[in-house]
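# A predicted structure for the sequence below; I have some questions about it.
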Amino acid sequence: MTQSKTTHSKRIVLTTFGSLGDLYPYLAIAQGLKKRGHRPLIATSERYRQQVEAQGIEFYPVRPDSLPDFEGDGEFLSLMMPQGRAIEYVVCYMLMPHLRASYRDLMAASTGADLLITHPLTFAGSLVAEKIGIPWVSCILSPYSFLSAYDLQSYLWSGNIPLSDYEKIQVTGMQDSIARHSKWRSRFFFAPWRQLRKELGLAPSCHPLVSDLQSPYLVLALFSELLAAPQPDWPSPNLIAGFPFYRPQNSEGLSAELKQFLDCGEPPITFTLGSIAVMTPGNFYIEAATALRELGYRAVLLMGEEAKKVSPALLPEGTLAVEYAPHSELFPRSAAVVHHGGIGTTGEAMLAGRPMLVVPDKFDRPDNAARVVRLGIARQVSRDRYSAAVLAAELKQLLFDPIYQERAASVGRLLQAEDGVGKAVDAIEDLLGLAPLRGSQNLKIKSQKY
């Protein structure tokens, strides 16, 4: 990453909400901004204070400070998730009841700020920026969040089967219908947001999900263009920056136990469900253990807190269960990665150049899975078909067909040549007028007055 020539230090607030996969991209960009001489501040849930401050980044707590209570709300969630109402649960039951508190906290954090950078779920962000009168940048973490009707490389079509022009029109029509329906349903979710907007004396909103939650200054897509290209119905101006991979300072790295395991045999298959899905693993690890007995491959199971309860005697020979390991250090030493399709995990596996078996469930994960399948670096199994027999069969295809290894390695090399953090920071400085415009074909900065 190049050092900016500007001597103008700006106070930049980055606000995010969710899992570690939602925190890490913002921490990475904050690190990049700090290296350029700016004063970044992360405004998010209190539980992340220690991780943020450990990187020398200023922190400010913003409510709510809770993720889904998967154990306490298990029955309620079991009714919501299968009906495709996961987004409704997150917006209506987790975020909107805390909207006013979020607004007050973020307003306090943004005092004296020159720029605000938001997350798709930080609904108070646009209100704060408009009320204060500062420019802001909205970020999109995965292609699915754009709800594009024109992006044919989606979960409706993985790209493996050629389509005629007529079939492409059909797919576009279906995707447009799905997007319109999602936008129509979601308008009811944002009644508290519209009410608060009215009380703040801000102009009425047409539709927050479509317009007011995407910045008129700049929308940053924080994923690689290998996954998606700009579409006609993406909000403008936009820029695909690439994955902003987070590398913490003074990382403890792999544990001594895991290092020894990796050093003493062939590369293992890594199984992971990220930091949230791991709380509700279902049969993910149980079926994996059964399949591994048939395959005879070594494996690492990233199981979170449950790893403490697993007796090594219950695991197949050559299998190690651990709570956590940095994906950036474990994936390059793996033969393949089996995961849930989270965009952060997907990006790290792509960067490591390792083939994947994706077992997606909800949110953007089926779409992410379809995109890496299209690239020829992954296979996919739906969660309701996941079993030891299916897992073993899919892993044999993935591991024994050299084309997956070759394509994954090629994608890894392409991704290693990208600089998501540097490109994002360049765009932010361009927006603030701190550096000459770098001529991106996607980015057309425009001034906006509220």
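All right, it came through fine.
# Assumed H181 was part of a helix.
Yes: the assignment for H181 (DSSP: H, G, I helix; E, B strand; the rest coil) places it in a helix.
# Quick one: neighbours of it, just the number.
Neighbourhood size, H181 [other Cβ atoms under 10 Å]: 10. Backbone N, C-alpha and C define where each C-beta goes, glycine included.
# quick one: contacts for it?
Contacts for H181 (Cβ atoms under 8 Å, 6 or more residues apart in numbering) come out as none.
# Could you chop this structure up by domain?
According to automatic domain parsing, the chain comprises the domains 11-243+419-431, 256-416.
# Could you check those domains and tell me which one is nearest Q249?
domain 11-243+419-431 (5.7 Å; Cβ to Cβ).
# Distance from that closest one to the middle of the chain?
Domain 11-243+419-431 has its C-alpha centroid displaced from the chain centroid by 10 Å (Cα atoms, centre = their mean, to the nearest Å).
# And that domain, end to end?
14 Å (Cα to Cα, to the nearest Å).
# Now do the same for it: mean pLDDT, whole number.
Averaging pLDDT along domain 11-243+419-431 gives 86.
# same thing with stretch 313-332?
Averaged over stretch 313-332, pLDDT sits at 94.
# before we move on, back to that, Serialize the domains of the chain to a markdown table and add fields for distance to N250.
Putting the domains of the chain into a markdown table (distance: least, Cβ to Cβ, whole Å) gives the following:
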| stretch | distance to N250 |
| --- | --- |
| domain 11-243+419-431 | 8 |
| domain 256-416 | 12 |
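# Now for the residue nearest to the spatial centre of the chain: which residues touch it?
Of all residues in the chain, the one closest to the mean position by Cα atoms, centre = their mean is I343, 4.1 Å from it. With contact taken as Cβ under 8 Å, 6+ apart, I343 is in contact with G21, L141, S142, F223, D364, N368.
# For the last one, what is the enclosing helix or strand?
Okay, so that is N368. helix 365-374 (DSSP states H and E).
# which other helices and strands contact the following helix or strand past that helix?
Following helix 365-374 in sequence order, the next helix or strand is strand 378-380 (DSSP H and E). Judged by 3 or more Cβ pairs under 8 Å, 6 or more residues apart in numbering; DSSP states H and E, strand 378-380 is in contact with strand 356-358, helix 365-374, helix 388-400.
# How far away from the center of its chain is strand 378-380?
That offset, for strand 378-380, works out to 19 Å (Cα atoms, centre = their mean).
# who's in contact with that strand?
158, 355-360, 369-370, 372-373, 394, 397-398, 404.
# thinking again about what came up before, worst mean pLDDT among the helices and strands packed on strand 378-380?
Averaging pLDDT over each of the helices and strands packed on strand 378-380 puts helix 365-374 lowest, since it has a mean of 93.
# Summarise which helices and strands it is packed against.
helix 343-352, strand 356-358, strand 378-380.
# picking that back up, neighbour-wise, which of the contacts of I343 leads?
Ranking those using other Cβ under 10 Å puts N368 first, with 29 neighbours.
# surely it meets P360?
Yes: between N368 and P360 there is a contact under Cβ atoms under 8 Å: 6.9 Å.
# Give the residues shared as contacts by those two.
Contacts common to N368 and P360, judged by Cβ under 8 Å, 6+ apart, are G341.
# My read is that E294 contacts A388, right?
Yes: with contacts defined as Cβ under 8 Å, E294 counts as touching A388 at a distance of 7.3 Å.
# more crowded one of these two?
The neighbour comparison of E294 against A388 (other Cβ under 10 Å) goes to A388, with 18 against 15.
# Can you name the residues that contact the more buried one?
With Cβ under 8 Å, 6+ apart, A388 has these contacts: E287, A288, T290, A291, E294.
# Next one: the residue of the chain positioned farthest from its centre from V372, what distance?
Residue distances from the centre of the chain (Cα atoms, centre = their mean) peak at A313, which lies 35.3 Å from the mean C-alpha position. Distance, A313 to V372, by Cβ to Cβ, to the nearest Å: 35 Å.
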